[in-house]
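Peer 1: Need the 3D shape of this:
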Amino acid sequence: MKHTLSVLVEDEAGVLTRIAGLFARRGFNIESLAVGPAEQLGISRITMVVTGDDRVIEQLTKQLYKLIHVLKVQDITETPCVERELMLLKVNANSTTRSEVVELAQIFRARVVDVAEDSLIIEVVGDPGKMVAIVQVLNKFGIREISRTGKIALTRESGVNTEYLKSLEAKI
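Peer 2: Residues are numbered from 1 along each chain as shown. I've put the predicted structure just below:
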């Protein structure tokens, strides 16, 4: 099962290397990784997606807490949260297909950020499911390049689980 971990660390040189080394020594792959400044000066938030069962994630969490600059580790997989990714797609788009590609991008609330004679670069922001969906739709035009950030996430203070609400809407 995929787990999303949110890790607060002191903003010190080498912290990310030590965390990556911890995962590598134990043979775990980090599927997604995003690092950036947190709400407090001198603190960074690392959001990572890793695969493993609950027991493995619990062990990894304990190991992370042993690292000197790690302040807080949360497994937010089952916690209601807002998740986003950023993706840039370079798509084939000549004069005959360009308008269709732009229309499809607009359906996904994506933006065209570069136009060339035979291609477009599209910026997409959203949850990971949206990324998969737009790639599937635009695949027929030919995707030249993709660049994606890792998933970032913050827990919802409201506690509202929008995934649960979406499942209710689907039943109606």
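
Peer 1: Just grab the bridge partners of the closest residue in space to residue 69 that isn't next to it in sequence for me.
Peer 2: The spatially closest residue to residue 69, leaving aside those adjacent along the chain, is residue 10, at 4.1 Å (CB to CB, 6 or more residues apart in numbering). All C-beta atoms are positioned from the backbone trio N, CA, C, and that covers glycine. Each beta-bridge partner of residue 10 is listed here, defined by DSSP bridges: residue 43.

Peer 1: ok, residue 10 - contacts?
Peer 2: Residue 10 makes contact with 42, 43, 44, 69, 71 under the criterion CB atoms under 8 Å, 6 or more residues apart in numbering.

Peer 1: Tell me the helices and strands packed up against the longest helix seen in the chain.
Peer 2: For the chain, the helix reaching the highest residue count under DSSP state H is reported as helix 54-66. Taking 3 or more CB pairs under 8 Å, 6 or more residues apart in numbering; DSSP states H and E as contact, the helices and strands that helix 54-66 lies on are strand 2-10, helix 15-25, strand 70-75.

Peer 1: Quick check: buried residues in the shortest one?
Peer 2: Taking 16 or more other CB atoms under 10 Å as the basis for neighbour counts, the residues of strand 70-75 that come out buried are 70, 73, 75.

Peer 1: Would you check that the second one makes contact with residue 7?
Peer 2: Yes: contact status for residue 73 versus residue 7: in contact at 5.1 Å, counting by CB atoms under 8 Å.

Peer 1: And for stretch 33-43, what's in contact with it?
Peer 2: Residues contacting stretch 33-43 (CB under 8 Å, 6+ apart): 8-11, 16, 44-49, 71, 149-152.

Peer 1: Do you have the helices of this structure handy? List them.
Peer 2: The residue ranges that make up the helices of the chain, judged by DSSP H, are 15-25, 54-66, 98-107, 128-138, 162-171.

Peer 1: quick check, distance from the second one to the centre of its chain.
Peer 2: Its chain's C-alpha centre and that of helix 54-66 lie 21 Å apart, by CA atoms, centre = their mean, to the nearest Å.

Peer 1: repeat for stretch 121-139
Peer 2: For stretch 121-139, the distance from its own C-alpha centre to the chain's C-alpha centre is 12 Å (CA atoms, centre = their mean).

Peer 1: who touches the nearest residue to residue 131 once chain neighbours are set aside in this structure?
Peer 2: Ranked by CB to CB, 6+ apart and with sequence neighbours excluded, the top spatial neighbour of residue 131 is residue 87, at 5.2 Å. Residue 87 makes contact with 123, 124, 125, 131, 134, 146, 147, 148, 149, according to CB under 8 Å, 6+ apart.
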